[in-house]
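[1] Any chance you can model this:
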Amino acid sequence: MKKRIIFPALALGILTTAGFWGASQVVASQGGFHDGLVQKLAERFNLNQADVEAVLNQYQSERRDQMHTNRRAQIEERLTQAVSDGQITQAQKDALLAKLAELKADRPDIADLTLPERQARMESHRADMTAWAQANGLDPNLLPNILGRG
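    The predicted structure follows:
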């Protein structure tokens with residue numbers, strides 16, 4: 001019963017993150033706030049627009065990298081605590097970290113998918129994650145507390 005709740009929540013969190021990332025890519029490609037901000041800053045402070053854009057892009061990239069680093073550290077800390085508490089084994093911790101790295105590397109680009117296609121992808125992902133957890137002997141009820149809720 002709890003498996004039916006945990007893995008859909010985990011899968012939904014992962015796909016939601018991918019969806020927000022995809023949506024941000026669409027907005028970025030269509031222009032919008034970022035382009036307007038770059039233009040206004042360049043005009044206001046009499047700067048080269050390309051230089052302003054480069055600085056903002058660098059800042060955004062550094063900020064995103066820092067957020068990912070912080071998130072990874074939080075997950076590793078929770079996993080280490082779960083191992084210390086006897087909730088999972090070191091091998092399960094290693095398997096979870098490897099799975100998270102795999103999911104990050106294989107993050108689907110869902111921005112161009114229709115709603116039914118995204119829903120089908122989420123269902124497929126849920127089934128895959130459930131099978132993966134069962135194969136690794138993990139209690140799915142612990143995963144949201146350890147990994148976070150998406």
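[2] Show the end-to-end separation of stretch 104-122, please.
    15 Å (CA to CA, to the nearest Å).
[3] do the same with stretch 107-120
    15 Å.
[4] from the chain's centre, how far out does that stretch sit?
    15 Å (CA atoms, centre = their mean, to the nearest Å).
[5] Next, the buried residues of that stretch.
    Under the neighbour-count criterion of 16 or more other CB atoms under 10 Å, stretch 107-120 has 108, 110-111, 118 buried. For glycine as for every other residue, the C-beta is placed from the backbone atoms N, C-alpha and C.
[6] What's the mean pLDDT across that stretch?
    The pLDDT scores in stretch 107-120 average 84.
[7] rewinding a little: return the closest of the buried residues of stretch 107-120 with respect to residue 99.
    residue 108 (15.2 Å; CB to CB).
[8] mind checking the SS state of that closest one?
    Under the three-state scheme (DSSP: H, G, I helix; E, B strand; the rest coil), residue 108 adopts coil.
[9] again, but for residue 47
    coil.
[10] Residue 87 too?
    coil.
[11] pLDDT at the nearest residue to it once chain neighbours are set aside, what is it?
    Distance criterion CB to CB, 6 or more residues apart in numbering; nearest residue to residue 87, sequence neighbours excluded, is residue 142 at 5.5 Å. Reading off the confidence values, residue 142 has pLDDT 74.
[12] rewinding a little: would you format the buried residues of stretch 107-120 as a markdown table with distance to residue 131 included?
    Shown next, in a markdown table, are the buried residues of stretch 107-120 (distance: CB to CB, whole Å):
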| residue | distance to residue 131 |
| --- | --- |
| 108 | 18 |
| 110 | 21 |
| 111 | 27 |
| 118 | 21 |
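[13] Go through the residues you listed and name the one nearest residue 53.
    Closest to residue 53, out of all of these and judged by CB to CB, is residue 111, at 22.0 Å.
[14] Noted, bye for now.
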